[in-house]
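Q: quick one, what's the 3D model for this:
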Amino acid sequence: MTVSQLDVRTDDGVMDVYLYAPEAAGDGPLPTVIMYADAGGVRPVSREMAAQLASHGYLVALPNVFYRAGEFAPFDMRTVFGDEKERARLYEVMKTAGVPAVMRDTGALLAALAEVPGARADRVGTIGYCMGGRLSFAAAGAFPDVVAAAASFHGGRLAVEDDPDSPHHQAGRVRARLYFGVADNDNTCTPEDQARLAATLDQAGVDYRMELFEGKLHGFAVPDLPVHDEEAAKRHWDRALELFDAVLR
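A: Down below sits the predicted model:
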């Protein structure tokens with residue numbers, strides 16, 4: 001595995017992005033996937049997940065979408081939501097990475113990837129978890145000519161009618177194939193939200209699959225969360241690879 005750092009200049013500063021590539025790249029540019037981490041941000045577990053995806057023959061870009069917050073102490077994702085003070089601190093950091101801001105950052109990242117030797121930047125995939133699942137979906141609407149496949153796992157606030165930044169409002173722009181892995185016990189993506197999302201995508205003629213992970217909780221795919229589920233996590237990798245192998249190779 002080859003790991004490098006790419007500093008991407010944005011409208012608001014410099015976003016640090018970590019690139020993971022397999023040792024044996026083969027001939028031609030590597031299919032490229034942008035991975036958006038959950039609210040815990042870039043940390044050891046997200047790095048491990050990026051490396052795991054890269055091991056299947058992908059160049060994976062892991063951006064630090066919280067760069068606007070500057071340096072901050074890492075969060076203990078097993079306890080943060082039960083600690084009022086830490087939860088408030090987490091939410092303050094999250095506010096620095098709203099959808100419009102991160103989509104501007106993603107545009108800068110795509111431009112930077114076009115200059116990375118061995119990366120295919122004209123047709124990419126995205127994947128994300130929790131808030132990152134929302135960003136992955138949003139990227140498909142923001143960059144329809146570039147994002148060809150987008151996966152969202154236990155993504156939150158995917159179809160909130162009164163939120164102008166809700167990515168379902170951009171469904172008519174999407175050209176990518178989408179996959180949504182949703183938990184059946186998730187107050188950030190309720191059955192009503194799921195129904196609204198499906199109806200919107202159907203009306204827009206989007207190529208998508210929505211899969212209900214029965215008995216699983218929001219956060220099931222991320223190993224350092226207390227709700228991590230081994231079976232669901234394995235299935236999530238299977239689904240992500242099915243999508244990216246079919247569309248990006």
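
Q: and A149, helix, strand or coil?
A: At A149 the chain is in strand, as set by DSSP: H, G, I helix; E, B strand; the rest coil.

Q: I'd assumed E242 was in contact with it.
A: No: counting by CB atoms under 8 Å, no contact exists between A149 and E242, whose distance comes to 10.1 Å. The C-beta positions use only the backbone N, C-alpha and C, and glycine is treated the same way.

Q: overlap in contacts of these two?
A: When contacts are counted by CB atoms under 8 Å, 6 or more residues apart in numbering, A149 and E242 are jointly contacted by no residue.

Q: compare the two (neighbour count), which wins?
A: For A149 versus E242, neighbours defined as other CB atoms under 10 Å are more numerous around A149 (25 against 13).

Q: who does that one form a beta bridge with?
A: With DSSP bridges applied, the residues forming beta bridges to A149 are G125, R177.

Q: for it, give me the pLDDT.
A: Per-residue confidence at A149 stands at 98 (pLDDT).

Q: where does the protein have low pLDDT?
A: The chain contains residues with pLDDT under 70 at 25-26.

Q: where do the helices sit along it?
A: In the chain, the helices defined using DSSP state H lie at 44-54, 84-94, 99-113, 131-142, 191-204, 230-248.

Q: so which of those is nearest D38?
A: The stretch from the helices of the chain with the least distance to D38 (CB to CB) is helix 131-142; that distance is 5.4 Å.

Q: list the helices and strands the closest one packs on?
A: If contacts are counted by 3 or more CB pairs under 8 Å, 6 or more residues apart in numbering; DSSP states H and E, helix 131-142 sits against strand 30-36, helix 99-113, strand 119-129, strand 147-153, strand 177-185.

Q: how about the spatially most central residue of the chain, what does it touch?
A: Most central residue of the chain, judged by C-alpha distance to the mean C-alpha position with CA atoms, centre = their mean, is G128 at 1.9 Å. G128 makes contact with 35-38, 134-137, 151-153, 155, according to CB under 8 Å, 6+ apart.
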